[in-house]
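Asker: Sequence isn't available, so here's the structure alone:
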């Protein structure tokens, strides 16, 4: 194997390793964002459930009124 060919291979391997590291960092960022969005969704669900519960409490009273 010529030295030029070996150098090209070495460069491609280094590029691949760098790309993998960037993808790992991006995947970690996406996992963190996903976790944050799940928590946000759960909070919205709790708030919505509370509001719907209040509406349920009001509806029976206004039907009888």
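Answerer: That came in fine, so what should we check first? Fair warning: this is a prediction, and the values are worked out from it, not measured in the lab.

Asker: low-confidence ranges in this structure?
Answerer: Within the chain, the stretches with pLDDT under 70 are 1, 60-65.

Asker: for it, what spans make up the helices?
Answerer: Per DSSP state H, the chain carries helices over the ranges 3-64.

Asker: Can you pull up the most central residue in it?
Answerer: By CA atoms, centre = their mean, the chain has its centre lying nearest to residue 34, at 1.9 Å.

Asker: list the contacts for that one?
Answerer: Taking CB atoms under 8 Å, 6 or more residues apart in numbering as the definition of contact, residue 34 has no neighbours. Heads up, the C-betas are built off the backbone N, CA and C, glycines and all.

Asker: I'd like the distance between it and residue 27.
Answerer: 10 Å (CB to CB, to the nearest Å).

Asker: And for residue 16?
Answerer: Following CB to CB, the distance that separates residue 16 from residue 27 is 16 Å.

Asker: go on, residue 15?
Answerer: Distance from residue 15 to residue 27, by CB to CB: 19 Å.
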